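In: sequence unknown, structure follows:
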């Protein structure tokens, strides 16, 4: 999905505001809150870094939208080096301070989403953790990343994006949204949340409302996981899909992992052919 220049600027501003100074990424992020989900992603990242180190002796990682560097730490612990990007100025400054004494990390302030493409660097691994659903044209961005920034034999890891809603059954969507609403009810702003939900049920989205822009595809149709798989299979020798349940509430997460259908997915694509 493409966006015009004005909407793109609004998205950039909304990301900066939503993730401004003092923002706590953990609060609304299941993959950061819940040990089981965090372990799932940590192990995948550490595993692909180890694979590259064994093959090449070094591993250069590009992490798009690093937030506060939770998974950058995983890359460093596994023995890789990292170039990390952030669109939020506050998060960029946080990352710069956090890794000021880490020679294996380079922090890039990416105000327009194009900063990595303006450089000549190539990477062994590209990480997109809880990022793709923020990007309107995520298929186009992933294509550019794979075709322009990844070394031959490289790996792309994406995680924590919502499964394409139209392929889910109604009761599955109701369960997923219901678990989210139970958590949201404990956070306040219920009236605003209901008004926002009513707009979205009618397919009404604002080009200026941050709640419609920051979590871009979460509030629309989710991400087309099958389209991403097809994109990766055309470019990689191995594509692994990981579908699972996630929600913000710790209690509902525990139940959902055992009984609820998958509403979230990750993909690991190994062996870039380009």
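Out: That came in fine, so what should we check first? Here the structure is a predicted model, which is why all the values come from computation and not from measurement.

In: where exactly do the strands run in the chain?
Out: Secondary structure of the chain (DSSP state E): strands located at 60-63, 81-86, 105-109, 123-129, 150-162, 236-244, 264-272.

In: Who are the packing partners of the third one?
Out: In other words, strand 105-109. strand 81-86, helix 89-98 (3 or more C-beta pairs under 8 Å, 6 or more residues apart in numbering; DSSP states H and E). C-beta: built from backbone N, CA, C; applies to glycine.

In: how about the last one: buried residues?
Out: Which is helix 89-98. 90-92, 94-96, 98 (16 or more other C-beta atoms under 10 Å).

In: For that helix, name the packing helices and strands.
Out: Right, helix 89-98 is packed against strand 81-86, strand 105-109 by 3+ C-beta pairs under 8 Å, 6+ apart.

In: which parts of the last one are buried?
Out: Neighbour-count burial for strand 105-109, with 16+ other C-beta under 10 Å as criterion, is recorded at 105-108.

In: Output those in TSV, with pLDDT and distance to residue 225 appended to each entry.
Out: Putting those into TSV (pLDDT from 0 to 100; distance: C-beta to C-beta, whole Å) gives the following:
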residue	pLDDT	distance to residue 225
105	98	30
106	97	31
107	97	30
108	97	28
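
In: Rounded mean pLDDT for stretch 117-136, please.
Out: The average pLDDT within stretch 117-136 is 95.

In: Straight-line length of that stretch, end to end?
Out: Using C-alpha to C-alpha, to the nearest Å, the end-to-end distance of stretch 117-136 comes to 18 Å.

In: Stretch 241-257 now?
Out: 17 Å.

In: Kindly report the same for stretch 46-65.
Out: 18 Å.

In: Residue 98 versus the spatially closest residue to residue 99 that is not a sequence neighbour, what's the distance?
Out: Using C-beta to C-beta, 6 or more residues apart in numbering and skipping the chain neighbours, the partner closest in space to residue 99 is residue 105 (4.0 Å). As judged by C-beta to C-beta, to the nearest Å, residue 105 and residue 98 stand 9 Å apart.
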